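Visitor: Give me a model of this one.
(chains A and B)
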Amino acid sequence: MADISNKIEGVADLLLGSEAIGRGALEGGVNVVASYPGNPSTEITEAIRQVAEKMNIYVEWSINEKVAVETAAAASFAGLRGLSAMKQNGLNVALDFVSGISTSGSKGGLVLVVCDDPSGITSTSEQDSRPLARSLDFPLLEPGTFQEAKDMTTFGFELSEKIGRMVLLRSATRLQHARGRTVLGALPQEKRKAHFDTERQFVAFPSLPKHIEAREKLSQAKALCKDSVFNFYEGPENPELLIIVCGSCYLYSLDAMNLLDLWDRVGILKIGTVWPLPDELIKKHMASNQKILVLEEVEPFLEGNLKELAVEWASEFPVPTFYGRRTGPLAATGELNPDIIIQALTEILSIKYEARPPEYDRQAKEMVDRLVPPRSLALCAGCPHRASYWAIKNAEVLDTRDGFVTGDIGCYSFGLFPSGYSIMKTEQAMGSGPGVGYGFGKLGQFDMKQPVVAVVGDGTFYHGALPALVTAVNNQSNLTLVVLDNGATAMTGFQPHPGTGTDTFGHPAKPVLIEDICKSLGVRVDIVDPYNSEEATQKVLDFMNDEKQGPRVLIMRQQCALQMARSGKLYDVWVDQSKCVGEDCGCNRYCSRAFKCPGIMWDAEAQKAKIDEAICVGCGVCAQVCRHDAILLKPLKAEKGKDK
Amino acid sequence: MGNNTYIRGQKELIEEVHDTGLCTGCGACVNLCPYYATSMDKTVVKDVCDRAAGRCYAFCPRTPTDLESIRKQLFDPQDLTPELGAVKGFYLTRASNPEIRAIAQHGGTVTTLMSLALTEGIIDTALLAEGGGATLPRGVAVSDASEVPKLAKSKFIAAPMVEAFNLAAQSAAQKIGIVATPCQTLALAKMKMKPFPKNDNQIGKLHLTIGLFCGWVLSWRSFKNLLHQKVHQRSVVGLDIPPSKYKTMQVDTDSGLVEIPLDEVEACVREACKFCTDVTAEFSDISVGSARLPDGWEVAKGWNQVIVRTAAGEALMQLAKDRQVLEFRDVPDGNLEKLKQASVKKKKTALDNLACKSGDRDDLLYLDCRDPVFQTFDW
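Guide: Down below sits the predicted model:
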């Protein structure tokens, strides 16, 4: 990532949306940044983290999103400027506190950046965060360009400080991960000191007066944004069609307008202050347009609010015809892109536009079907989670009581798919594997005989599993909890967690070990290396058959395969093809078809298995999977390896 | 005959045998490949195999089986009887060695014959069941004759002996002897038919099959719970079921005998046993079971009834006689007839149960309704 502190005022740079928000925070004089990683939000905090020490900013990867916002809020209460960034799922975790601070108010500038993931490309939902701004009375800014991503962040602190309320900034995947032109502003010289004014209270009670106050603050925000530069019109005086757009759809709509050459027929009203809406500006444009197309990512939030206004103004001018995600022609779900918007415009305006001959699409599809092998989402070669799932799957089969796995969010969510043996039967939220597993463990009085194994990653254990584990001890739930411990918050880029023994900057920190927590709870706990397949299987089976009431915790500990790839293979692995049985009865390509590690390939010419040396990390598990001793190992790390 | 048999794969094995409750847990499909295992008294599918035809299906004693072809190929046609299969000889025997009798279930005949076969080099590896009672039995390989008596006694829960054979066949063992239940002897007989001539599981290494009379076996999980309930913490030394008029199972524990009503025990019988037509292990070289004597059960339980079926079995019995390791007594009149009646009763019940399951008397699932044996009695 770029060093976002090293840029010169007035110079244009190409910044990632994430970096632009980070730079905006620096220009806004941010003092404290506390976040929880999650795509597409992670790089904002990462960009600030990299310059934090030289700019005297406190940055942390918090234990979860709620603690992150609380940490940033404490800074605000002490008169500093605070920022917290998270993905849409994370906002749900933080929501109870977020709801509280909406009425308790804040002091120093406080910005909560929420990065939504339209289509849920790397998420379990495509939840739209914006309706929460309306229901909890927060001002909400939604950048349409990279410049705005930076400028709105800086402005967010100012607005927040002026009205004494947290401000939401909503970004989304494409803006976060693309680069665009951004003209930089000045970095402030002000050095704030933290001091809490004991004359003040930041409390959410009594509710009704506090709610009324929050509404008043929102009205102030509306007045302050009345002439905001983030809301503007581009286009002819009397267009045939008015596009009202917010967020990353703005750039898509520019592409569509340019490609269709519509600048003399269609106008664009770009809204940046999405809540509360700039009524007067909207009214002016709505009054003179009979057709309005609303473009936004995911929910028809803007569309619904615009329609509400149109009805309020119905006595002054006719309600226009609306097009959008609720009315059509746009799909009600899924991410938009310029092609979809072009399609909508051609339908509404009855334009003929052919980006390419129809034959092209047919041929492309035919070629893809023929040349691209179908691939499912898969765990990496050598992933310890695969080894763990292999052991858990085998233990559940051997147990014969129709056991199943409850799980949640992380790389280990691939337990949903064939590469993880489709082992995971429930998956909702961070920590819900243990939570739902706890619930199953209490169903004994209803004749529940199936053993339940809950899985949770090490990062997620700290983030969201502890309440479920504590209550499982307290209420004696019959639960086997397997912690899939790969030593990092691996999926989001190896951020530390309380167990890693390092802080956000890689400096030594006091580790809080999972096994110590379990011991302190009086829970049976054991640690096993999932790469030792048989031992791990027997251990899981033994834990599942523990007849004592209450939970037990098995930590399956092995470092992430990506770390292994960096630090060197455990083993050289190869196939002795003279021993490989191939597709004959007795094997039928067991290593690749059943074990499913992508590091194992099929040598079609020899009709035997072979190892893909390029991606094999040398975990050695496949050698234990092969019943014909055809997969051979040579230890490369003497202290760790064992000869087979 | 024969046109109802075909070889399919794992998918059909699961549909036709596992899901229907026909699986006997014999282990014929285990240790051939990594896809199956035996666990907690059940044959389990660990992973999905998409082969259209496999040895798992071919060897299973509950996939369609042409019993008549097997009888014709493995036995002397002159010896065949519809009730008991091949009978070359019928004997009452017990171990000459009183120490063996003392630790054996009944007369110690099986222990004696297996030890003899090892000692005489007829086999180099004996596969026997270990464990039983509330613990899970398993098949173990023994090459030292002195080890054989340690594994005496009936188990009441079937050890997956064919799984043990599949493993032993891949080992250095060259001449294997096995003690097996009727369903297990059928699986081994199906292997001998070599459905995959080039991939025959080295069945040629099987030199001796001693079959056990078997009315049913118990399902481990339910019997474990019953025993736990009845004998509490006492440790079980032995189990026996005296003749049916007693209607009880005797559990010998470290602090005395506990009797469990037989109907409670029978509630734990493995589902698959209801569909078995073979009480005397017809596809073995020698079949051994408990005896019935006019002297009463206290005497009879010290003896075995033995059916010799093949030339190999006959040779071993002759050797046992020559070496004086077995004692013989005259078979009372009517014993063979009573055994035939018991066998036919089992066959009829199983055929009824199969017809009931399929809903069609012409569809006996794994058996062929045209089998000549089934034509010889009304059911």
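
Visitor: if I read this right, residue A:450 contacts residue A:401, doesn't it?
Guide: Yes. Judged on CB atoms under 8 Å, residue A:450 makes contact with residue A:401 at a distance of 5.7 Å. From N, CA and C alone the C-beta is placed, and that goes for glycine too.

Visitor: Any regions of chain A where pLDDT drops low?
Guide: Residue ranges of chain A with pLDDT under 70: A:638-644.

Visitor: do that again at 50, thanks
Guide: Across chain A, the ranges flagged by pLDDT under 50 are A:640-644.

Visitor: Spell out which residues of it are next to chain B.
Guide: By CB under 8 Å from any CB of the partner chain, the part of chain A that sits against chain B consists of A:393-394, A:397-400, A:583-588, A:590, A:593-594, A:625, A:627.

Visitor: one more time with 7 Å
Guide: Within reach of chain B by CB under 7 Å from any CB of the partner chain, chain A has these residues: A:394, A:397-400, A:584-588, A:590, A:594, A:627.

Visitor: quick check, nearest of those residues to residue B:192?
Guide: Checking these against residue B:192 by CB to CB gives residue A:585 as the nearest, at 17.6 Å.

Visitor: how many other residues sit next to the residue in the stretch 101-250 of chain B that chain A sits nearest to?
Guide: At 5.9 Å from chain A, residue B:199 is the closest residue in the stretch 101-250 of chain B, using CB to the nearest CB. If you count neighbours by other CB atoms under 10 Å in any protein chain shown, residue B:199 ends up with 16.

Visitor: That one touches residue A:585, doesn't it?
Guide: Yes. Applying CB atoms under 7 Å as the test, residue B:199 and residue A:585 come out as touching, 5.9 Å apart.

Visitor: show me the residues around the residue of the stretch 101-250 of chain B closest to chain A that make contact.
Guide: Residue B:199 makes contacts with A:584-585, B:55, as judged by CB atoms under 7 Å, 6 or more residues apart in numbering or on different chains.

Visitor: Roughly how far does it sit from residue A:587?
Guide: Taking CB to CB, to the nearest Å as the criterion, residue B:199 is separated from residue A:587 by 11 Å.

Visitor: And for residue A:20?
Guide: 54 Å.

Visitor: and what of residue A:234?
Guide: With distances taken as CB to CB, residue A:234 is found 66 Å from residue A:587.

Visitor: again with residue A:186
Guide: Counting by CB to CB, the gap from residue A:186 to residue A:587 is 68 Å.

Visitor: Which one's more surrounded, these two?
Guide: Neighbour tally, residue A:186 and residue A:587, criterion other CB under 10 Å: the higher count belongs to residue A:587, 24 against 10.

Visitor: Now that one: closest residue in space that isn't a chain neighbour?
Guide: The shortest distance from residue A:587 to any non-neighbouring residue, by CB to CB, 6 or more residues apart in numbering or on different chains, is to residue A:581 (3.7 Å).

Visitor: what's around the one you found, how many residues?
Guide: Neighbour count of residue A:581, defined by other CB under 10 Å: 19.

Visitor: picking that back up, now render the contacts of residue B:199 as TSV, adding distance to residue B:348.
Guide: Output for these, formatted as TSV (distance: CB to CB, whole Å):
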residue	distance to residue B:348
A:584	42
A:585	36
B:55	32
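
Visitor: Could you dump these into CSV with distance to residue B:10, neighbour count and secondary structure added?
Guide: Formatted as CSV, the contacts of residue B:199 follow (distance: CB to CB, whole Å; neighbours: other CB atoms under 10 Å in any protein chain shown; DSSP: H, G, I helix; E, B strand; the rest coil):
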residue, distance to residue B:10, neighbour count, secondary structure
A:584, 14, 16, coil
A:585, 10, 20, coil
B:55, 11, 24, helix
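
Visitor: who are the neighbours in contact with the residue of the stretch 251-379 of chain B found nearest chain A?
Guide: At 13.5 Å from chain A, residue B:270 is the closest residue in the stretch 251-379 of chain B, using CB to the nearest CB. Residue B:270 makes contact with B:216-219, according to CB under 7 Å, 6+ apart.

Visitor: Would you mind measuring from it to residue A:496?
Guide: Taking CB to CB, one finds residue B:270 at 54 Å from residue A:496.

Visitor: What of residue A:247?
Guide: 32 Å.

Visitor: which of these two has more neighbours?
Guide: Ranked by neighbour count (other CB under 10 Å), residue A:247 and residue A:496 place residue A:247 first, with 29 against 21.

Visitor: Not counting its neighbours along the chain, what's nearest residue 273?
Guide: No chain was given, so I picked chain A. residue A:225 (4.1 Å).

Visitor: Not quite, go with chain B.
Guide: Nearest to residue B:273 is residue B:216, by CB to CB, 6+ apart, at 3.8 Å.

Visitor: For that neighbour, list the residues it contacts.
Guide: Applying CB under 7 Å, 6+ apart, the residues near residue B:216 are B:269-270, B:273.

Visitor: Could you single out the nearest of those residues to residue A:505?
Guide: Looking across those and measuring by CB to CB, the closest to residue A:505 is residue B:270, at 63.1 Å.

Visitor: avg pLDDT for stretch B:195-203?
Guide: Mean per-residue pLDDT for stretch B:195-203: 93.

Visitor: between residue B:199 and residue A:585, what contacts are shared?
Guide: Common neighbours of residue B:199 and residue A:585 (CB under 7 Å, 6+ apart) are residue B:55.

Visitor: any idea where the strands of the stretch 101-250 of chain B begin and end?
Guide: Ranges of strands in the stretch 101-250 of chain B, per DSSP state E, counting those that start in this stretch, are B:125-130, B:138-142, B:176-180, B:206-212, B:236-240, B:248-253.

Visitor: Report the buried residues of the last one.
Guide: Yep, that's strand B:248-253 we're talking about. The neighbour-count check on strand B:248-253 (16 or more other CB atoms under 10 Å in any protein chain shown) flags B:248-249, B:251, B:253 as buried.

Visitor: how about the residue nearest to residue A:587, secondary structure?
Guide: coil (DSSP: H, G, I helix; E, B strand; the rest coil).

Visitor: That's all I had, so thanks and see you.
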